[in-house]
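J.: next input, structure requested:
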Amino acid sequence: MPIDGWRIDPATARAAVAGARTEAEGFGQLEVGLVGALQSASTATSGKAPSTTSSLERILTDPFELDLAAVAQRLSAAVEATEAAIAAYEAGDAEMGTRSDGAVEPR
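T.: I've put the predicted structure just below:
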(Lines give C-alpha, C1' and ligand atoms only; values in the text may rest on other atoms or scores of the structure.)
Protein backbone atom coordinates (compact mmCIF):
# COMPACT_ATOMS: atom_id res chain seq x y z
CA MET A 1 0.00 0.00 0.00
CA PRO A 2 1.50 3.35 -0.97
CA ILE A 3 1.98 5.92 1.73
CA ASP A 4 0.24 9.12 0.70
CA GLY A 5 1.13 11.20 3.73
CA TRP A 6 1.52 10.90 7.43
CA ARG A 7 -1.18 10.60 10.02
CA ILE A 8 -1.17 10.80 13.77
CA ASP A 9 -3.87 9.19 15.84
CA PRO A 10 -4.24 11.86 18.53
CA ALA A 11 -5.85 9.45 21.02
CA THR A 12 -2.97 6.97 20.72
CA ALA A 13 -0.40 9.76 20.90
CA ARG A 14 -2.06 11.28 23.97
CA ALA A 15 -2.13 7.86 25.67
CA ALA A 16 1.61 7.42 25.05
CA VAL A 17 2.32 10.91 26.37
CA ALA A 18 0.14 10.28 29.45
CA GLY A 19 2.21 7.16 30.18
CA ALA A 20 5.43 9.13 29.90
CA ARG A 21 4.02 11.85 32.18
CA THR A 22 3.06 9.25 34.80
CA GLU A 23 6.55 7.77 34.72
CA ALA A 24 8.14 11.22 34.99
CA GLU A 25 5.98 12.02 38.01
CA GLY A 26 7.25 8.83 39.67
CA PHE A 27 10.89 9.97 39.54
CA GLY A 28 10.59 11.58 42.99
CA GLN A 29 9.60 8.26 44.54
CA LEU A 30 12.34 6.50 42.57
CA GLU A 31 14.90 8.84 44.10
CA VAL A 32 13.56 8.35 47.64
CA GLY A 33 13.60 4.57 47.22
CA LEU A 34 17.06 4.52 45.69
CA VAL A 35 18.61 6.71 48.37
CA GLY A 36 16.91 4.67 51.10
CA ALA A 37 18.22 1.42 49.63
CA LEU A 38 21.75 2.80 49.36
CA GLN A 39 21.65 4.03 52.96
CA SER A 40 20.39 0.64 54.17
CA ALA A 41 23.09 -1.17 52.23
CA SER A 42 25.74 1.16 53.63
CA THR A 43 24.52 0.55 57.18
CA ALA A 44 24.37 -3.22 56.63
CA THR A 45 27.94 -3.38 55.34
CA SER A 46 29.39 -0.96 57.89
CA GLY A 47 32.14 -2.67 59.88
CA LYS A 48 31.86 -5.85 57.83
CA ALA A 49 32.89 -4.75 54.36
CA PRO A 50 34.74 -1.42 54.53
CA SER A 51 35.42 -1.20 50.79
CA THR A 52 31.77 -1.77 49.97
CA THR A 53 30.65 0.71 52.62
CA SER A 54 33.08 3.30 51.28
CA SER A 55 31.82 2.78 47.73
CA LEU A 56 28.19 3.09 48.80
CA GLU A 57 28.94 6.30 50.70
CA ARG A 58 30.68 7.74 47.62
CA ILE A 59 27.59 6.95 45.57
CA LEU A 60 25.41 8.68 48.17
CA THR A 61 27.51 11.85 48.12
CA ASP A 62 27.77 11.88 44.31
CA PRO A 63 25.42 14.36 42.63
CA PHE A 64 23.51 11.54 40.92
CA GLU A 65 20.38 12.75 42.72
CA LEU A 66 20.65 16.01 40.82
CA ASP A 67 20.98 14.00 37.62
CA LEU A 68 17.68 12.26 38.38
CA ALA A 69 16.05 15.66 38.87
CA ALA A 70 17.48 16.89 35.56
CA VAL A 71 16.20 13.81 33.75
CA ALA A 72 12.75 14.32 35.26
CA GLN A 73 12.74 17.98 34.17
CA ARG A 74 13.81 17.11 30.62
CA LEU A 75 11.22 14.37 30.38
CA SER A 76 8.54 16.76 31.63
CA ALA A 77 9.58 19.36 29.04
CA ALA A 78 9.48 16.73 26.29
CA VAL A 79 6.01 15.62 27.37
CA GLU A 80 4.74 19.21 27.33
CA ALA A 81 6.26 19.86 23.90
CA THR A 82 4.73 16.67 22.54
CA GLU A 83 1.32 17.62 23.92
CA ALA A 84 1.65 21.01 22.22
CA ALA A 85 2.61 19.30 18.94
CA ILE A 86 -0.44 17.03 19.12
CA ALA A 87 -2.68 20.05 19.78
CA ALA A 88 -1.11 21.89 16.82
CA TYR A 89 -1.64 18.84 14.62
CA GLU A 90 -5.31 18.69 15.62
CA ALA A 91 -5.76 22.44 15.07
CA GLY A 92 -4.11 22.21 11.64
CA ASP A 93 -6.25 19.22 10.73
CA ALA A 94 -9.40 21.10 11.76
CA GLU A 95 -8.32 24.20 9.82
CA MET A 96 -7.62 22.11 6.72
CA GLY A 97 -11.06 20.57 7.01
CA THR A 98 -12.69 23.98 7.37
CA ARG A 99 -10.84 25.41 4.38
CA SER A 100 -11.59 22.46 2.16
CA ASP A 101 -15.33 22.32 2.93
CA GLY A 102 -17.02 22.80 -0.39
CA ALA A 103 -13.74 23.28 -2.24
CA VAL A 104 -13.77 19.79 -3.70
CA GLU A 105 -16.66 18.73 -5.85
CA PRO A 106 -17.87 15.17 -5.39
CA ARG A 107 -17.45 12.85 -8.38
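
J.: now do the helix or strand that residue 29 is a member of, average pLDDT.
T.: Residue 29 is located in helix 27-45, with elements delineated by DSSP states H and E. Averaging pLDDT along helix 27-45 gives 87.

J.: in the top helix by length along the chain, which residues are buried?
T.: Of all the segments of type helix in the chain, defined by DSSP state H, the longest one is helix 64-100. Using 16 or more other CB atoms under 10 Å as the test for burial, helix 64-100 gives 68, 72, 75, 79, 82, 86. For the C-beta atoms, the positions are set from N, CA and C on the backbone; glycine is no exception.

J.: rewinding a little: can you tell me what sits against the helix holding residue 29?
T.: Here helix 27-45 makes contact (CB atoms under 8 Å, 6 or more residues apart in numbering) with 52, 53, 56, 57, 59, 60, 65, 68, 69, 71, 72, 75.

J.: what angle do it and helix 64-100 make?
T.: Relative orientation of helix 27-45 and helix 64-100, computed by axes from the mean of the first three to the mean of the last three CA atoms, to 10 degrees: 160 degrees.

J.: next SSE downstream of helix 27-45?
T.: Going down the chain from helix 27-45, the next helix or strand is helix 50-61, by DSSP H and E.

J.: where in this structure is pLDDT low?
T.: Counting by pLDDT under 70, the low-confidence segments of the chain come to 1-6, 63, 65-66, 101-107.
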